[in-house]
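# Following is a predicted model, sequence given first.
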Amino acid sequence: MIAVLCGGVGAARMLAGLQAVVDPGEIVAVVNTGDDTELHGLYVSPDLDTITYTLAGAVNPATGWGLTDESFHALQALERYGAITWFRLGDSDLATHLYRTGRMRKGATLSVVTAEIARAWGLSVRLLPMSDDPVRTRLGLADQREVAFQEYFVKLRHSVVVAAVRFEGAAQARPAPGVLEALGSAQIIVVAPSNPIVSIGPILAVPGVAEVLRARRDMVVAVSPIVAGAALKGPAARLLVELGGEASAPGVARFLSSFVGTLVIDEADADRAAEVELAGVHCVVAPTVMGSPELAARLARAVLRAGGIGAGSSGSATTGPEA
């Protein structure tokens, strides 16, 4: 079994690559819910939904999130009432949030509803929210304001300087059912190329998760979300710098070194592999930019090989074709 720590678009593409080369039923995705929010009375789980739509082949390819061929009639109607419209919820996407909200109001947990939604989309990958308890990422800005993640990321377009990040509710949260079991028994634990601070950070903040990862550090393989000093998507690079780190493959290695044993970095950063090793993290160089499903599958194979799973292995994760 393969466990994957997941944020949004990068993680979704990584999972799609993995399900193309191994039995999808052998994959358990532990997904960040620090980005979750409530809009128009609806409970919205952006990372869970992005991953669901991507694995189902329904995601908008132009954005990496939302649904393809989406319409926005409801959003346009909400503008009439002066409601929040900077967070764009499409008409078909609204159905997911309506269903989730209705089930949770009747007492279903987020993990139960997530499994129901995944089944409805025909997924075999097991999706687990990191916690059924509310954990919310809050960003302290340099101008002394504190904002919720979606306000920072969408409304402000992550164009403001961040001075601090905290995960509200994390100390009281419990891992969702199955999370610690998956991390404790997986053949390999993959940290998808997600923002290490605001996508992976909230998962680590849930009590018990970081402890399991540290204990199994040699089994943990991460993919750097930074390529040639830049993030392919989102504010990972600037957040690393603003919070005192370095936007580079070695900077990612230092940030993750307490629980990651191997870091896969892009060929563009091959000349910095020795610096990754100096951080105490084994370095593997491979093409990491997932510009197509075929490239995502190639990266998935490289990650599995980095974790000791490949052709000829006795593990069940070797069922996919080799390139």
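It's in. Numbering: from 1, shown residues only.

# Now the phi/psi pair for residue 232, please.
phi -70, psi -30 (degrees, to the nearest 10).

# ranges for the helices of this structure?
Secondary structure of the chain (DSSP state H): helices at 9-21, 46-55, 73-80, 91-105, 110-120, 149-150, 179-185, 201-205, 209-215, 236-242, 249-256, 273-278, 293-306.

# Just give me the neighbour total for the spatially closest residue to residue 91 that is not a sequence neighbour.
Leaving aside its sequence neighbours, residue 91 sits nearest to residue 71 (Cβ to Cβ, 6 or more residues apart in numbering; 4.8 Å). Every C-beta, even on glycine, is put in place using the N, C-alpha and C of the backbone. By other Cβ atoms under 10 Å, 11 other residues sit near residue 71.

# Report the beta-bridge partners for the closest residue to residue 147 other than its chain neighbours.
Take residue 147 and drop its neighbours on the chain: the residue closest to it by Cβ to Cβ, 6+ apart is residue 139, 5.6 Å away. On the basis of DSSP bridges, residue 139 takes part in beta bridges with residue 147, residue 165.

# Could you measure from residue 139 over to residue 167?
Residue 139 sits 11 Å away from residue 167, going by Cβ to Cβ, to the nearest Å.

# related to what we said a few turns ago, tell me the contacts of the residue nearest to residue 147?
146-149, 152, 162, 164-165, 198 (Cβ atoms under 8 Å, 6 or more residues apart in numbering).

# Just the closest of the residues you listed to residue 3, please.
residue 198 (20.3 Å; Cβ to Cβ).

# any idea how far residue 32 is from that closest one?
8 Å.

# Residues that sit against both of the two, list them.
By Cβ under 8 Å, 6+ apart, the residues touching both residue 198 and residue 32 are residue 7.

# Comparing those two, which shows the higher neighbour count?
residue 32 (31 against 26).

# do you know how far that one is from residue 256?
Residue 32 is 15 Å from residue 256, by Cβ to Cβ.

# of the helices of the chain, which approaches residue 66 most closely?
Residue 66 lies closest to helix 91-105 among the helices of the chain, at 6.0 Å (Cβ to Cβ).

# isn't residue 122 right next to residue 56, touching?
Yes. Using Cβ atoms under 8 Å, residue 122 is in contact with residue 56, at 6.4 Å.

# So for those two, which sits in the more crowded spot?
A direct count of neighbours by other Cβ under 10 Å for residue 122 and residue 56 places residue 56 higher, at 16 against 9.

# Grab the nearest non-local neighbour of that one.
Closest residue to residue 56 apart from its sequence neighbours, by Cβ to Cβ, 6+ apart: residue 121 at 4.1 Å.

# same check, this time on residue 37
The shortest distance from residue 37 to any residue other than its chain neighbours is 4.9 Å, reached at residue 150 (Cβ to Cβ, 6+ apart).

# and if you look at residue 227?
Once flanking residues are discounted, residue 227 sits nearest to residue 266: 4.4 Å by Cβ to Cβ, 6+ apart.

# what number of residues lie near residue 91?
Using other Cβ under 10 Å, residue 91 is surrounded by 14 other residues.

# cool, residue 174 as well?
13.

# That one contacts residue 130, correct?
No. The criterion here is Cβ under 8 Å, and residue 174 misses it with residue 130 at 10.1 Å.

# intersection of neighbour lists for the two?
Listed as contacting both residue 174 and residue 130 by Cβ under 8 Å, 6+ apart are residue 206.

# got a list of what the residue nearest to residue 37 touches?
So residue 150 contacts 35, 37, 46, 87 (Cβ under 8 Å, 6+ apart).

# out of those residues, which is most surrounded?
Ranked by neighbour count (other Cβ under 10 Å), these have residue 35 at the top, with 25 neighbours.

# quick one: that residue from residue 51, how far?
Counting by Cβ to Cβ - residue 35 and residue 51 are separated by 12 Å.

# Touching both of those two, which residues are there?
Joint contacts of residue 35 and residue 51 (Cβ under 8 Å, 6+ apart) are residue 8.

# ok, back up a step: residue 64: which of the helices of the chain is closest?
By Cβ to Cβ (comparing all of these), the closest turns out to be helix 9-21, at 3.8 Å.

# Kindly state the domain boundaries assigned to the chain.
Following automatic domain parsing, one finds the domains of the chain at 2-61+94-133+172-318, 136-170.

# so for the last one, what's the average pLDDT?
What that stands for is domain 136-170. The pLDDT scores in domain 136-170 average 97.

# Please apply the same query to stretch 62-74.
Here stretch 62-74 scores 94 as its mean pLDDT.
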